[in-house]
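*Asks:* sequence plus the predicted model coming up.
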Amino acid sequence: MTSFPWLKGHGTENDFVLLPDPDGTIHGDLDASLVRFLCDRYAGIGADGVLRVIEGDKQSYVEDGGDWFMDYRNSDGSIAEMCGNGIRVFVRYLVDAGLAGDKPVRVGTRAGIKDVVLNDDGTLTVDMGEPVLPGPAGIVVEANGHQWPATHVDMGNPHAVAFVDDLSEPGHLVDQPVWTPAEAFPAGVNVEFVVRKGPNEVAMRVHERGAGETRSCGTGTCAVAVVSARQARQERPVTYRVGVPGGSVTVTWRADNHLELTGPAVVHARGEFDRAWLPA
């Protein structure tokens with residue numbers, strides 16, 4: 001196929017290129033160089049990552065692909081297990097395209113099945129599953145010449161959460177913050193820097209592995225809510241409002257240990273991409 005359709009959307013300004021590929025034949029094993037080009041903000045369409053949309057029984061990546069499988073790639077072309085903002089954009093597309101009904105949509109990911117519900121106000125709620133903690137002890141992250149102790153939370157992908165006095169302290173998060181011990185995260189880690197804003201309200205910035213600093217990170221907001229509640233010794237269920245540069249989301253840590261992420265998602269552009277436009 002010399003050309004293929006694409007769409008673009010965002011969840012709290014964490015933006016993605018969507019590639020409809022129902023039977024998984026258009027892109028095969030999605031090429032990392034194509035992902036990098038599509039995500040390039042100067043030469044391509046521009047995005048933090050790519051979401052390929054495949055029917056659950058037509059993919060070969062996981063045993064249970066759900067109703068639809070979200071093949072998620074970071075902007076550098078690397079594979080990621082899960083994306084909390086991306087999955088809301090993914091389901092927003094399915095609903096708009098008439099591919100999902102009123103019932104919860106079972107979305108397959110490399111971090112397992114996630115149920116997503118469209119709410120009456122247009123937001124979407126994702127059952128993000130259970131956090132895995134505690135992780136490695138004694139983690140320290142470093143950025144902009146400063147160091148902070150950090151807490152590891154696994155949300156299907158790894159996070160290191162550090163509380164700071166001011167969100168400007170980490171400086172520009174273009175480069176991956178350094179962490180010790182180095183062996184704690186052999187496949188890299190998302191690093192969240194957090195300040196408390198009030199009771200059950202925090203704000204954060206994030207460096208996402210494979211993407212750099214992004215305007216939001218859905219799994220990161222969940223990790224931050226978990227660490228915030230644990231530090232405040234709060235019992236479940238508990239709900240946090242998490243501010244990000246691109247807006248805000250709410251995270252509820254339920255009594256059954258599952259996390260629910262609720263926030264907006266929009267699809268705002270579409271087009272046709274000709275493979276002849278790719279660099280030689």
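*Replies:* Sure, I can see it.
*Asks:* so residue 93 belongs to a helix, correct?
*Replies:* Yes. According to DSSP: H, G, I helix; E, B strand; the rest coil, residue 93 belongs to a helix.
*Asks:* chain neighbours aside, what residue packs nearest to residue 20?
*Replies:* residue 53 (5.0 Å; CB to CB, 6 or more residues apart in numbering). Glycine gets a C-beta too; all of them are placed from N, C-alpha and C.
*Asks:* report whether that neighbour is found in a helix, as I expect.
*Replies:* No. Residue 53 sits outside any helix when classified using three-state DSSP, being strand.
*Asks:* mind listing what it touches?
*Replies:* 18, 19, 20, 21, 22, 68, 69, 70, 90, 93, 94 (CB atoms under 8 Å, 6 or more residues apart in numbering).
*Asks:* the one helix or strand the second one maps to pairs with which strands?
*Replies:* For residue 19, the host element (DSSP states H and E) is strand 14-20. For strand 14-20, the paired strands and their directions (DSSP bridges) read strand 3-11 (antiparallel), strand 49-55 (parallel).
*Asks:* so what's the spatially most central residue of the chain up against?
*Replies:* Taking CA atoms, centre = their mean as the criterion, residue 83 is the residue nearest the geometric centre of the chain, at 2.6 Å. Residues near residue 83 by CB under 8 Å, 6+ apart: 14, 16, 49, 51, 70, 72, 218, 219.
*Asks:* again, only using 6 Å
*Replies:* Neighbour list for residue 83: residue 72 [criterion: CB atoms under 6 Å, 6 or more residues apart in numbering].
*Asks:* again, but for the one 5 residues further on
*Replies:* Listed by CB under 6 Å, 6+ apart, the contact set of residue 88 reads 11, 124, 265.
*Asks:* and of these, the nearest to residue 191?
*Replies:* residue 11 (19.8 Å; CB to CB).
*Asks:* I figured the closest one hits residue 85, correct?
*Replies:* Yes. Counting by CB atoms under 6 Å, residue 11 does reach residue 85; the two are 3.5 Å apart.
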